[in-house]
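Trainee: sharing a model prediction with you, sequence too.
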Amino acid sequence: MIVYILFWTSLLIIVYSYLGYPLSIYTLSLFVKLFKSKTTTNQNNAYEPDVTLFVAAYNELGIVDEKLKNSFSIVYPKEKLKYVWVTDGSDDGSPEALSNHKNVQVYHHNDRKGKIGAINRGMKFIETPIVIFSDANSMLNKESILHIVNEFKDPQVGCVAGEKRIILKDKDNAVNSGEGIYWKYESFIKKSESQISSALGAVGELFAIRKELFDEIESDTILDDFIISLRIAQKGFNIKYVPEAYAIESASISIHEELKRKTRIAYGGFQAITRLKSLLNPFKNPLLTFQYLSHKVLRWTLVPIAFILVFVSNLHIAFVENWHGFYSGLFYLQIIFYLFVFLGSILQSKKTNLKILFAPYYLFIMNLAEIIGLLRFLRKSQSVNWEKAKRE
């Protein structure tokens with residue numbers, strides 16, 4: 001009896017996390033749109049506050065010119081848009097290259113204290129009410145800032161998250177296909193969350209906050225974007241998700257690089273749980289707690305273990321059934337899933353039209369990264385300095 005309970009509990013955790021929650025939050029968003037007041041802020045009223053485009057960069061000389069060209073092309077009143085780069089620790093000539101542009105404020109220390117140190121130090125120089133964070137290797141669409149600041153018309157909005165889009169240079173590549181599918185899936189969830197009240201977090205490629213709501217974060221923080229945005233939500237402000245403002249980025253160059261990146265994120269997820277404890281209290285903000293547990297905590301903690309338990313318990317039940325019956329059929333489906341994972345690993349760098357193989361493979365890599373990330377978190381063996389994943 002225990003093994004059956006273990007099987008169904010594990011299966012329900014997986015299904016709820018990847019299908020149940022997205023569908024429930026989407027359904028809830030439809031009801032909210034039906035009953036929500038039609039009175040919205042007049043979109044024709046120009047709202048153009050002073051803003052700062054903030055980039056914390058380490059040894060990004062190879063991308064500086066492209067990033068600056070992209071930044072200067074953004075549609076926004078030039079007298080209201082400031083550019084701030086913090087290049088602490090960079091020794092590749094990027095601080096000097098940036099200093100050649102008079103409209104770019106460059107702050108540089110020889111000591112490297114990671115992205116968090118750069119953000120904490122750089123924020124002391126910001127004088128505009130709105131700060132927009134972006135990565136050096138992420139290119140923004142021209143109207144991104146206009147879409148972002150429009151959300152700040154609402155005084156209840158404390159953070160605005162843009163969309164992350166992956167360039168599919170090689171659509172047959174496992175990493176490209178898998179990561180592209182994943183971010184479309186995440187976009188669907190965040191859009192629904194935002195329509196209800198608040199999206200759950202932001203991505204560092206593009207997000208904005210009210211400067212007055214920023215609190216210095218711990219120097220060893222891994223997921224700076226997630227912590228900054230969720231702490232604003234903790235204060236009672238909403239995080240709005242605006243897919244019309246997006247950052248374009250290439251996929252990781254290999255599955256090894258993607259695993260390394262996901263492992264770091266997984267470590268940061270466990271760290272975030274220990275630092276956002278109040279979000280686990282349903283009496284403070286029930287909806288936000290529901291979203292946090294369903295969207296993040298379950299995926300970070302129980303889902304990877306549930307995959308193992310559902311396989312082992314199903315194997316035991318199928319053996320008892322003598323490989324006949326309902327549970328045996330479910331086990332065969334699991335075998336097919338892992339066969340797709342195996343084929344995806346073989347074909348990851350080969351051209352194939354069977355892109356369906358890459359979704360299970362990428363899902364497997366994500367959950368493997370969670371387990372590795374947990375082990376590293378328990379050993380405290382993750383450097384705060386971001387080691388960039390190689391991208392195409």
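Mentor: Nice, thanks for sending it over. Numbering: from 1, shown residues only.

Trainee: hey, let's count contacts and neighbours off CA atoms from now on
Mentor: Noted.

Trainee: give me the spatial nearest neighbour of Glu212, chain neighbours excluded.
Mentor: Leaving aside its sequence neighbours, Glu212 sits nearest to Pro129 (Cα to Cα, 6 or more residues apart in numbering; 7.0 Å).

Trainee: export stretch 264-277 to CSV, keeping only CA atoms.
Mentor: Presented in CSV, the C-alpha positions along stretch 264-277 are these (Å, rounded to 0.1, in the frame of the first residue of the first chain):
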residue,chain,number,x,y,z
ARG,A,264,24.2,27.4,-10.6
ILE,A,265,20.6,28.5,-10.9
ALA,A,266,19.5,25.5,-8.9
TYR,A,267,22.0,26.3,-6.1
GLY,A,268,20.6,29.9,-6.1
GLY,A,269,17.1,28.5,-5.9
PHE,A,270,17.8,26.7,-2.6
GLN,A,271,19.6,29.8,-1.3
ALA,A,272,16.6,31.9,-2.2
ILE,A,273,14.3,29.6,-0.2
THR,A,274,16.4,30.3,2.9
ARG,A,275,16.3,34.1,2.3
LEU,A,276,12.7,34.5,1.3
LYS,A,277,11.2,32.7,4.3
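
Trainee: hmm, back to that, state the distance from the residue nearest to Glu212 to Arg210.
Mentor: The spacing between Pro129 and Arg210, counted by Cα to Cα, to the nearest Å, is 6 Å.

Trainee: which residues sit against stretch 283-299?
Mentor: Ile13, Ser17, Tyr21, Glu193, Ser198, Leu200, Ile273, Ser278, Leu279, Leu280, Asn281, Pro282 (Cα atoms under 8 Å, 6 or more residues apart in numbering).

Trainee: cutoff 6 Å now
Mentor: The set of residues external to stretch 283-299 that reach it, using Cα atoms under 6 Å, 6 or more residues apart in numbering, is Leu279, Leu280, Pro282.

Trainee: what's the burial count for Ile372?
Mentor: 17 (other Cα atoms under 10 Å).

Trainee: for it, pull up the helix or strand it's in.
Mentor: For Ile372, the element it lies in under DSSP states H and E is helix 358-379.

Trainee: can you map out the helices along the stretch 1-150 of the chain?
Mentor: Counting by DSSP state H, counting those that start in this stretch, one finds helices in the stretch 1-150 of the chain at the ranges 2-15, 21-35, 61-72, 94-99, 114-122, 144-151.

Trainee: quick one: the ones you listed as a markdown table, columns for distance to Tyr47 and mean pLDDT too.
Mentor: Shown next, in a markdown table, are the helices of the stretch 1-150 of the chain (distance: least, Cα to Cα, whole Å; pLDDT from 0 to 100):
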| stretch | distance to Tyr47 | mean pLDDT |
| --- | --- | --- |
| helix 2-15 | 43 | 97 |
| helix 21-35 | 24 | 93 |
| helix 61-72 | 20 | 96 |
| helix 94-99 | 29 | 95 |
| helix 114-122 | 25 | 94 |
| helix 144-151 | 6 | 97 |
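
Trainee: who has more neighbours out of Pro129 and Arg210?
Mentor: Arg210 (19 against 14).

Trainee: which residue is the nearest non-sequential neighbour of Pro370?
Mentor: In this structure residue 370 is Glu, not Pro. Ala266 is the one closest to Glu370 (Cα to Cα, 6+ apart), at 5.0 Å.

Trainee: centre of the chain versus the stretch of helix or strand that neighbour belongs to, how much separation?
Mentor: Here Ala266, judged by DSSP H and E, is contained in helix 255-275. Distance of helix 255-275 from the chain centroid (Cα atoms, centre = their mean, to the nearest Å) equals 11 Å.

Trainee: which strands or helices does it pack on?
Mentor: When contacts are defined as 3 or more Cα pairs under 6 Å, 6 or more residues apart in numbering; DSSP states H and E, helix 255-275 sits against helix 358-379.

Trainee: so what does the lengthiest strand in the chain touch, helix or strand wise?
Mentor: The residue-count maximum for a strand in the chain (DSSP state E) belongs to strand 238-250. On a contact count with 3+ Cα pairs under 6 Å, 6+ apart, strand 238-250 meets strand 139-140, strand 157-167, helix 174-196.
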